[in-house]
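Asker: Predicted model and sequence follow; I will ask about them next.
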Amino acid sequence: MTEYYAGTADVAVIGAGHAGVEAALACARLGCKTVLFTISNDAVANMPCNPSIGGTGKGQLVFEIDALGGEMGRAADKVMLQDRTLNSSKGPAVQSKRIQADRRRYQEVMKKTIEHTDGLLLVQAEIIEVRADFSDALPRVTQVVTRLGAKWDVKAVIVCSGTYLDSRVIIGDVMYSSGPDGMHAAVGLTESLKNLGLRFFRFKTGTPPRIDAKTIDYSQLERQDGEKHLRPYSPDTDEADLQNRPNLPCYVAYTNEETHRIIRENISRSPLYSGEIKGIGPRYCPSIEDKVMRFPDKTRHQLFVEPTGEGSEEMYLQGFSSSMPADVQLKMLRSMKGFEHAETMRTAYAIEYDCIDSTQLYPTLEFKTVSGLFGAGQFNGTSGYEEAAAQGLIAGINAAMKIKGRPALSLTRDSSYIGTLIDDLVTKGTGEPYRMMTSRSEFRLLLRQDNADVRLSEIGHQIGLLTDERYAKFLKKRAMTEAEEARLTSTVLSPSAELNAMLEAAGEPPVKTGIRLSELLKRPSITYEMLSCVDSKRPSLPDDVIFTAVTDIKYEGYIKKQLAEAKRFEKLEKRRLPADIDYKNIRGLSLEAAQKLDLRKPQSIGEASRISGVSPADIAVLLIWLDAQKNMARAELDED
């Protein structure tokens, strides 16, 4: 291969999936000349799996991305086909927005945004090598090379390779080198990165078939309509435009005993059970054959039929992921009610790919062993568009901060789901594709989707990604929320027939003395709307302001407890650990803890405490050691 000099950039982003798009936009918007490489310009921001944005835990990530100045929320609002709030019957801590998205329009919106961003160049090229300067103790990235021999000099590289690295598609006994959606695999980059000292895993994921909508009998399925008048992901979205988006229905279908019989009779042909698939798959999104074999007592499994686009006849069969042979897939499909005459437009497949051991990363998503090299998305071992976009945004911010000589951004567990996601990756690692869920956060009542702007807008504005106009919107909303909370807390109602009648209708005891509106709201059965009949001075406020104000008041006691826990957490995070500690020489540490700490190089006591194999007793030893080091330093100063 003949190499040639192609250009110079501050940052090279490898891969233009959801992580790469956010990373590249962040870098360019922060003033770094950025080149974004993709195997195909037609695959920018592709949705090779489910045509949706958000979901449990994931919706919170999208709101956080938007609050920091990222792009995913704005794009999702523009391409919404259906809008729902998951867990709406439960508490606000676990409620999550999820939209069905027009996958092709989403790509068009993102590609257009990239093409019209100053300082950002989109290039269709496969990167096969990342080069570094080894003259210093810590190698530093200097160059990327394409398969056609183009060399780009760069100061930072962000790898967002998705499921393309040495990827292999598997359908029954048919296996071939391929990326998702028929794109070709990225071959060679893994070996180059291994030469830089990176450790790799082999993971696996999969996707369901796409069904021709005209061949489905919807009369046999349960219709599932979306909700209306929901809050957009981004305040930049014109809500009038949002109301004009289509509200396409989804449908609920079920497997049955016949489906399960077909699966059991053909399980020997499943590469998942024959041992042909070596990669580790996602625990929370198993294939249909895996579900049937693992839960033999279940007579049916629920599936969701979802549109992939406003003008497309392809329907996505959520929950029917499979790597079974194509002929078996068709028998399985046609065994279900409503699918007796169904035709498959895209066959389901499993895909194996290379990803890194994420404990090699700092919380900034820069590699500990290679300066200027960052990782984001499924390359880091996660699954899902939202997890990828969140990491891409943080990696992009920190690559730009490094180049600009500005402080890096590390989000904490108590500040965001993004912080929780990254902390889990870099401290605990992951032995399977990582998926964000609300249960992963011990601070989930603080990290609601409705207050993402309160938690992160200040940071987004200080960094320079959140515009002054957008920041002003946030300040206005925050002021209205605080004013309404203050009014509800200070307004006292006297006992009245009308008030007690309302309480009786709600199943609540009457009041005999004056009572604050906030105290009434804390009663389980009382809603803000119910109080309108006795709250004559109520101002007219946006729904999102009311929701946040009421939630803060209703859950005040629980919120205070989590804030106190966050304060204790913060103290451990502030106890910094030197990077050059030789943990093997600290007396009292267990051998396992010393080995894990030496490998992970945690930056704080808090981070060390979350590493598997490091016990509370080991943390106590570290705290004693830190205090002893501080006392020694003071003694040396006194002697001088």
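Answerer: All right, it came through fine.
Asker: CA atoms only for stretch 161-177, dumped as CSV, please.
Answerer: Only the C-alpha atoms of stretch 161-177 are listed here, as CSV (Å, rounded to 0.1, in the frame of the first residue of the first chain):
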residue,chain,number,x,y,z
SER,A,161,-16.1,1.6,16.1
GLY,A,162,-19.4,0.2,17.3
THR,A,163,-19.9,-3.4,16.3
TYR,A,164,-17.6,-3.2,13.3
LEU,A,165,-14.2,-4.4,14.7
ASP,A,166,-13.4,-7.7,13.1
SER,A,167,-17.1,-8.3,13.1
ARG,A,168,-18.8,-11.6,12.0
VAL,A,169,-22.4,-12.1,11.2
ILE,A,170,-23.9,-15.5,12.2
ILE,A,171,-27.2,-17.0,11.0
GLY,A,172,-27.4,-20.7,11.8
ASP,A,173,-24.5,-22.4,10.1
VAL,A,174,-23.9,-19.4,7.8
MET,A,175,-21.1,-17.2,9.0
TYR,A,176,-19.3,-14.4,7.2
SER,A,177,-17.3,-11.2,7.9
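Asker: Residues touching it, excluding its own?
Answerer: 14-15, 17, 19, 39, 48, 178-180, 183-187, 189-190, 205, 269-271, 276-277, 323-326, 328, 347-355, 377-379, 388 (CB atoms under 8 Å, 6 or more residues apart in numbering). All C-beta atoms are positioned from the backbone trio N, CA, C, and that covers glycine.
Asker: Just the buried residues out of these, in PyMOL syntax.
Answerer: In PyMOL, this line selects whichever of those come out buried by 16 or more other CB atoms under 10 Å:
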select buried, resi 14+15+17+19+39+48+178+179+180+183+185+186+189+190+205+269+270+271+276+277+323+324+325+328+347+348+349+350+351+352+353+354+355+377+378+379+388
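Asker: In helices only, show me the contacts of stretch 161-177.
Answerer: Of the contacts of stretch 161-177, the ones assigned to helices by DSSP state H are 19, 189-190, 271, 326, 328, 388.
Asker: Now residue 373. Its backbone dihedrals?
Answerer: The phi and psi values for residue 373, taken as degrees, to the nearest 10, are phi -100, psi 120.
Asker: check contacts around the residue nearest to it when sequence neighbours are not counted.
Answerer: Leaving out its chain neighbours, the residue that sits closest to residue 373 by CB to CB, 6 or more residues apart in numbering is residue 367, at 4.6 Å. Counting by CB under 8 Å, 6+ apart, residue 367 makes contact with 198, 360-361, 373-375.
Asker: try residue 490
Answerer: Applying CB under 8 Å, 6+ apart, the residues contacting residue 490 are residue 516.
Asker: that older thread, please tabulate the ones in helices among the contacts of stretch 161-177 in TSV and include distance to residue 451 as additional columns.
Answerer: TSV is the format used below for those (distance: CB to CB, whole Å):
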residue	distance to residue 451
19	25
189	40
190	40
271	45
326	47
328	48
388	24
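Asker: quick revisit: pull out the buried residues from the contacts of residue 367.
Answerer: Buried subset of the contacts of residue 367 (neighbour count, 16+ other CB under 10 Å): 198, 360-361, 373-375.
Asker: for these, which one is nearest residue 94?
Answerer: Checking the buried ones among the contacts of residue 367 against residue 94 by CB to CB gives residue 361 as the nearest, at 28.3 Å.
Asker: Can you pull the phi/psi pair for the spatially closest residue to that closest one that is not a sequence neighbour?
Answerer: Spatially, and ignoring its direct neighbours in sequence, residue 361 is nearest to residue 426 (4.9 Å; CB to CB, 6+ apart). Here is the backbone geometry of residue 426 (degrees, to the nearest 10): phi -80, psi -20.
Asker: Count the residues that sit near residue 426.
Answerer: Using other CB atoms under 10 Å, residue 426 has 25 neighbouring residues.
Asker: Run through the residues that contact it.
Answerer: 358-359, 361-363, 600, 607.
Asker: Mind doing that once more with 7 Å?
Answerer: Neighbouring residues of residue 426 by CB atoms under 7 Å, 6 or more residues apart in numbering: 358-359, 361-363.
Asker: Check residue 492 too.
Answerer: 514-516.
Asker: I'd like the ones in helices among the contacts of stretch 161-177 as JSON lines, with pLDDT appended.
Answerer: Below are the ones in helices among the contacts of stretch 161-177 laid out as JSON lines (pLDDT from 0 to 100):
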{"residue": "19", "pLDDT": "98"}
{"residue": "189", "pLDDT": "98"}
{"residue": "190", "pLDDT": "98"}
{"residue": "271", "pLDDT": "92"}
{"residue": "326", "pLDDT": "97"}
{"residue": "328", "pLDDT": "97"}
{"residue": "388", "pLDDT": "98"}
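Asker: so residue 397, which of the three states?
Answerer: When classified by DSSP: H, G, I helix; E, B strand; the rest coil, residue 397 comes out as helix.
Asker: from what I can see it touches residue 28, true?
Answerer: No. Applying CB atoms under 7 Å, one finds residue 397 not in contact with residue 28, separated by 11.8 Å.
Asker: which one of the two has more residues nearby?
Answerer: Using other CB under 10 Å as the criterion, residue 397 and residue 28 rank with residue 397 on top: 29 against 24.
Asker: Relative to residue 23, how far out is the more buried one?
Answerer: Applying CB to CB, to the nearest Å, the value for residue 397 to residue 23 is 9 Å.
Asker: For the stretch 301-450 of the chain, which segments are assigned as helices?
Answerer: According to DSSP state H, counting those that start in this stretch, the stretch 301-450 of the chain carries its helices in the segments 326-334, 385-404, 417-423.
Asker: Specify the stretch among the ones you listed that is closest to residue 136.
Answerer: Proximity to residue 136 (CB to CB) singles out helix 385-404 among these, at 15.2 Å.
Asker: And the strands in the stretch 401-550 of the chain, which stretches?
Answerer: Secondary structure of the stretch 401-550 of the chain (DSSP state E, counting those that start in this stretch): strands at 492-493, 515-516.
Asker: Ok, which of those comes nearest residue 393?
Answerer: Comparing the strands of the stretch 401-550 of the chain by their distance to residue 393 (CB to CB), the top pick is strand 515-516, with 41.1 Å.
Asker: Each with direction, which strands does that closest one pair with?
Answerer: According to DSSP bridges, strand 515-516 forms sheet pairs with strand 492-493 (antiparallel).
Asker: quick one, helices of the stretch 101-250 of the chain?
Answerer: Using DSSP H, counting those that start in this stretch, helices in the stretch 101-250 of the chain cover 103-115, 189-195, 239-243.
Asker: And the longest one, what's buried?
Answerer: Buried residues in helix 103-115, defined by neighbour count with 16+ other CB under 10 Å: 103-111, 113-114.
Asker: Let me know the angle separating it from helix 385-404.
Answerer: Angle of helix 103-115 versus helix 385-404, following axes from the mean of the first three to the mean of the last three CA atoms, to 10 degrees, is 10 degrees.
Asker: what does helix 103-115 rub up against?
Answerer: Under CB under 7 Å, 6+ apart, the answer for helix 103-115 is 21, 24-25, 36, 44-47, 51, 71, 75, 78-79, 120, 122, 308-309.
Asker: For this protein, which residues score under the pLDDT cut-off?
Answerer: Residues of the chain meeting the criterion pLDDT under 70: 229, 636-640.
Asker: mind redoing it with 80?
Answerer: Across the chain, residues meeting the criterion (pLDDT under 80) sit at 229-230, 283-284, 632-640.
Asker: so how far is stretch 339-356 from its chain's centroid?
Answerer: Averaging C-alpha positions (CA atoms, centre = their mean, to the nearest Å) puts stretch 339-356 23 Å from its chain's average.
Asker: How many residues are close by the spatially closest residue to residue 431 that is not a sequence neighbour?
Answerer: Once flanking residues are discounted, residue 431 sits nearest to residue 280: 6.5 Å by CB to CB, 6+ apart. Residues lying near residue 280 (other CB under 10 Å) number 18.
Asker: For residue 432, see how far away residue 280 is.
Answerer: 5 Å.
Asker: cool, residue 10 as well?
Answerer: Taken as CB to CB, the span from residue 10 to residue 432 is 35 Å.
Asker: Between those two, point out the one with more neighbours.
Answerer: Neighbour tally, residue 10 and residue 432, criterion other CB under 10 Å: the higher count belongs to residue 10, 22 against 16.
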